[in-house]
Each structure stands twice: as C-alpha cells, then as structure tokens.
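1. just need the structure, nothing else, for what follows:
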Amino acid sequence: MKISDRFIDSGIIVSIDGRREEAKQKWPAHPDGTATRYPLIVLVNGGSASGAEIVAGAIQDHGRGILVGTQTFGKGSVQTIIPLKDGSGLRLTTARYYTPSGRSIQAKGIVPDIIVKPSRPEEEKEKEKESVTPKFPAEKDLERHLMDVEKGAAKEKEKPKKEEVKEKKPVDHQLERALELLKSWDIFKNIGKGSK
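-> Down below sits the predicted model:
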C-alpha cells in the first residue's frame, strides 16, 4: 500500500472483500508524501504477483501511469492462518483483493495497457532452431487454485489451446518500436491532463 501511496494522492488503493463483515476493508491513498506527478510506466509480467499486482492495478485504475508488459500472475486471494491445538495451523482463503475500480485480481491478473512480449537474447536464438518465449505459470494454472466466482456461477478452467506452428518472419525492430510509441501516444496525452 505504501508504494502505491507514493504515486497516488487520493482515492482507494486496494480493497478486500470476503463473506464475513470483518474481512471487508479498504485502504485509501494520502496526499502527504506523494511524489511529484510525472509520467509513470510500470513494467509487469507473469512474475508480477500479489503486492506487485495491487500496485499495478491501483496505478492503472487511477490513470496515474501506463502498464507495459504481459498479463500478471493473478494472486489476489487473502489467506488467514487458524492455529490448531496441536501447534499446527490451517490456512484458509478468506477474502479477495480488488483494484480501486472493483476488478478482482484472483486468477485473472492485471492486463497491461500496452502488451510487449519478452524477447530472448540473440545468442539463445541462434542456439535453438525455434525461438520460444518463456511462459510464466499463472495462478489459474495451479492445481486446486481458488476459482473466480462471478454472478454465483464458477467459471470453468479454460482448456489450454494447442499452439499453431507459424512460419517465422523477419523482425523489423524499428517498425515494432514505432508501433509501440504510436499505441502509447494517446495514453500519454491523457496522463498530462489528469494532473491539472
């Protein structure tokens, strides 16, 4: 929460919601100690989880910055450890994290504003005949993960699709970078307007 508070001066940073009333909480941002309002880009990927997703979701929902990278892990559940008489403990999922706009992080993660897939170093590409981008595991891929429930119905776990083998095309790095900048142009213009 403290990291998000450095960049966001008002509104909710994150909230948690559970079945019991005491599990429901909201954490607001404070104007004191907030950094100067300047353009902000947050890099995220499948390794960004839990606290990192809270920061990314708050920055995105408040329009405070742009998220660049790939979809985050999706760890948005709150666990409570209940001590047992024999000295062991029972860990239960008691609530979920929600972004300021009310989006659940659990098993969905945060989708960045600009998708940029990771590339592999040239040396590795030469060693392998086929370049494969590393895939981070996500919360929804884990066995017995907490399924996201919306409108009373549990969503079925999506079956992995078979990847189609596509013919490699030469990469024009200058063209790709130019397209990335064009995609972000309107987003950057809107950030400047929000600071007035």
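2. just name the shakiest helix or strand of the chain by mean pLDDT.
-> When the helices and strands of the chain are scored by mean pLDDT, DSSP states H and E, strand 153-154 comes last with a mean of 46.
3. number of residues surrounding the residue nearest to Leu40 when sequence neighbours are not counted?
-> Ranked by C-beta to C-beta, 6 or more residues apart in numbering and with sequence neighbours excluded, the top spatial neighbour of Leu40 is Gly65, at 3.1 Å. All C-beta atoms are positioned from the backbone trio N, CA, C, and that covers glycine. Other residues within reach of Gly65, judged by other C-beta atoms under 10 Å, total 21.
4. and Gly65, backbone torsions?
-> Torsion angles at Gly65 (phi, psi; degrees, to the nearest 10) stand at phi -160, psi -180.
5. does it touch Ile41 like I think?
-> Yes: the pair Gly65 / Ile41 is scored as a contact, 6.0 Å apart, by C-beta atoms under 8 Å.
6. so which bits of the lengthiest strand in the chain are buried?
-> Taking DSSP state E as the criterion, the chain has its longest strand at strand 89-98. By neighbour count on 16 or more other C-beta atoms under 10 Å, the buried set for strand 89-98 is 94-98.
7. same check on stretch 58-74?
-> For stretch 58-74, a neighbour-count test (16+ other C-beta under 10 Å) marks 58-62, 64-74 as buried.
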